[in-house]
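> my questions are about this predicted structure, shown below with the sequence.
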Amino acid sequence: MSLAETVAHLTRPDPLSGGEALFLDLDGTLSPIAPRPQDVGIDTRRNRLLARTAERLGGRLAVISGRTIDDIDRILESAVAAVSGIHGLERRSALGARFAAPVHPALDQVRADFQRLAAGAPGLLVEDKGASVALHYRGAPDFENRAIGLARRLADRTGLTLQAGSCVVELRTPGPDKGDAVAAFLAEPPFAGCRPVFVGDDLTDEDAFAFVERSGGMGVLVGPARETAASRRLADVEAVLAWLQEIVRA
Ligand SMILES: O=P(O)(O)OC[C@H]1O[C@H](O[C@H]2O[C@H](CO)[C@@H](O)[C@H](O)[C@H]2O)[C@H](O)[C@@H](O)[C@@H]1O
C-alpha cells in the first residue's frame, strides 16, 4: 500500500462492541510528550478514567510501554493491573504473575559508553531500565547523529537489539517485543478469546499494530498519519482520553 493509500485508510476507530481486549501505550498515547522522561508525572483524572475503563471491560485492559513496570505504576498510580514494560521485556499478568527477560551482560558496556557521550553533551540523557539502556537526545538535537551512530556500533558489536523511538535510541536485551506482549496477554484470563485493540503512537508500537491487525483486531495510531501497520487513527492524547470516556459511557 502506498503512503497516500495508508493515510486515506486511517479512519477513526470503531466503537467497541464488548468482545475486545484493549492494549494502551503510555508516552504519546496516555500522556503528552514531555521534555524529559522524569517530567511525566501523575494525572489523577486520567488514572481514574483508566481504572473505570478497565472495570467497564471486565479487566481486559493492559498498558504496554517502553518504560519499566515500576515507572508505569508510578505514573498511573497502579491504576492498571496488567502491564508490560521495556517494550515487552517484562510483564505482569492481570493476576499479578511477573515475567522478565534476563539482563544481557553487554549492557554494562553500553551504559558506560552512553554516559561518556552524555557527559560532554548537556541535554543528552541516559535512562537505565535494567534490561535496556536508552540515550535520549530531545534536549540535545545536535547530537542525534552521534547518538544513533554510537548505538548502531554497539548493537553490531554486542548483538543487543537496537530500538529507535521518539528522540531516543535504545539498546535492549533481545527478547519479546510489544506484539509478543499482546500475544502473551491474549493467552491468559481475562484476555483469552478477545479481539485485540492496540493504541499507540511510536515506532515501537508497530510490532503490536502488525500483530493485532494480523489477528483480526484493530491497531490505532495516535498522532499525525504516517506509514503504519495500524488501520485506524486518533489525533492526539486528548482524543484517546475522549475515546476512553465513550467506552466507559457506552
Ligand atoms: O512505549 P511508550 O510508553 O510510548 O514509551 C516510549 C518511551 O517513552 C519515554 O520516552 C519518551 O517520552 C518522554 C516523555 O514524554 C520523552 O521525553 C522522550 O523523548 C520520549 O522518547 C521513556 O523515557 C522511554 O523509556 C520509553 O521507551
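That came through fine. Residues are numbered from 1 along each chain as shown.
> how far away is residue 231 from residue 174?
29 Å (C-beta to C-beta, to the nearest Å). (Glycine included, C-beta is placed from N, CA and C.)
> okay, these two: which has more neighbours?
Counted by other C-beta atoms under 10 Å, residue 231 and residue 174 do not tie: residue 231 has more neighbours, with 18 against 11.
> what sits against the more buried one?
For residue 231, the contact set (C-beta atoms under 8 Å, 6 or more residues apart in numbering) comprises 9, 10, 11, 213, 218, 219.
> residue contacts, the fifth one?
What that stands for is residue 218. 13, 14, 20, 195, 196, 197, 198, 212, 231, 232.
> looking at these, which is nearest the ligand?
Nearest to the ligand out of the contacts of residue 218 is residue 198 (C-beta to the nearest ligand atom; 11.3 Å).
> so what pLDDT did the residue nearest to the spatial centre of the chain get?
With distances taken as C-alpha atoms, centre = their mean, the residue of the chain nearest its centroid is residue 65 (3.2 Å). Reported pLDDT at residue 65 in the predicted model: 98.
> my read: it touches residue 89, true?
No - contact between residue 65 and residue 89 fails when scored by C-beta atoms under 8 Å: they sit 11.0 Å apart.
> which elements pack onto the longest helix along the chain?
As assigned by DSSP state H, the longest helix anywhere in the chain is helix 144-158. Applying 3 or more C-beta pairs under 8 Å, 6 or more residues apart in numbering; DSSP states H and E, one finds that helix 144-158 contacts helix 107-119, strand 132-136, strand 161-165, strand 168-172.
> near the ligand at all, the first one?
To tie it back to what came earlier, the one meant is helix 107-119. No - judged by C-beta under 6 Å from any ligand atom, helix 107-119 makes no contact with the ligand; its nearest approach is 13.1 Å.
> can you report how many residues lie near the closest residue to residue 117 other than its chain neighbours?
Excluding the flanking residues, the one nearest residue 117 by C-beta to C-beta, 6 or more residues apart in numbering is residue 150, at 5.9 Å. Residue 150 is flanked by 19 other residues according to other C-beta under 10 Å.
> tell me which element residue 207 falls in.
helix 206-214 (DSSP states H and E).
> the helix or strand that that helix is followed by to helix 206-214, inter-axis angle?
Later in the chain than helix 206-214, the nearest helix or strand by DSSP H and E is strand 218-222. Angle of strand 218-222 versus helix 206-214, following axes from the mean of the first three to the mean of the last three C-alpha atoms, to 10 degrees, is 140 degrees.
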